[in-house]
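Asks: Here is my input, please return the structure:
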Amino acid sequence: MAATMMDAMPPDVQPWPARWASELYVYLTTVGRRTGRPHRIEIWFAGHDERLYMLSGGRERADWVRNLQANSRVIVELGDETHVGTAHVIEVGTFEDQLARDLLVAKYADSEDNLEGWGRTSLPVVIKFPADAE
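Replies: You can find the predicted model right below:
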């Protein structure tokens, strides 16, 4: 059995799209659940299979998570591109839950932070883009 979901992926699979692999941050804009105003944050992310994954260290208490739970439509700025997507919290215990955690911890493993606890306890979120949106 593979140690992580990353180990289980075929060797030719790369984060999607590959041109974004070197980007460290994404700018995520949600709609304020009370005000209706844009709420923009800078956040770590990982891409895979035409989806973007993020982890919320503040879990459900984070404003951006509460905003996307009220209105799943989000704007993503990555590099010099802007995209509209649909975001939702990933169900705990699923393949996608573990994949999101593994992707993010692996991507930022060289940071000075100890990410193991963050990777275990954070709330995973996925953003799907129009072709893949529900």
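Asks: CA atoms for contacts and neighbours, from now on please.
Replies: Noted.
Asks: the helices in this protein, which residues?
Replies: Under the criterion DSSP state H, helices of the chain are mapped to 5-8, 63-70, 95-107, 116-121.
Asks: Of all those, which one is nearest G47?
Replies: The closest of these to G47 is helix 95-107. By CA to CA, the value is 7.9 Å.
Asks: Just list the residues touching A100, thanks.
Replies: For A100, the contact set (CA atoms under 8 Å, 6 or more residues apart in numbering) comprises 46, 53-55, 124-126.
Asks: Can you name the residues bridging to the closest residue to H83 other than its chain neighbours?
Replies: Nearest residue to H83, sequence neighbours excluded (CA to CA, 6 or more residues apart in numbering): V76, at 5.2 Å. V76 has these beta-bridge partners by DSSP bridges: L28, H83.
Asks: How many neighbouring residues does V76 have?
Replies: Neighbour count of V76, defined by other CA atoms under 10 Å: 21.
Asks: Quick check: the gap between it and H48.
Replies: 15 Å (CA to CA, to the nearest Å).
Asks: Name all residues that make contact with the residue nearest to H83.
Replies: Counting by CA under 8 Å, 6+ apart, V76 makes contact with 26-29, 82-85.
Asks: per-residue confidence at it?
Replies: Looking at V76, its pLDDT reads 94.
Asks: Please apply the same query to L99.
Replies: pLDDT for L99: 96.
Asks: Equivalent analysis for A8, please.
Replies: Value for A8, per-residue pLDDT: 43.
Asks: try Q69
Replies: pLDDT recorded at Q69 is 97.
Asks: Spatially nearest residue to it, not counting backbone neighbours?
Replies: Spatial nearest neighbour of Q69, excluding adjacent residues (CA to CA, 6+ apart): H88 at 6.7 Å.
Asks: so the one you found makes contact with D97?
Replies: No - checked against CA atoms under 8 Å, the pair H88 and D97 is beyond contact range at 11.7 Å.
Asks: where along the protein do the strands fall?
Replies: Residue ranges of the strands in the chain, as given by DSSP state E, are 26-31, 38-43, 46-48, 51-56, 73-78, 81-89, 123-128.
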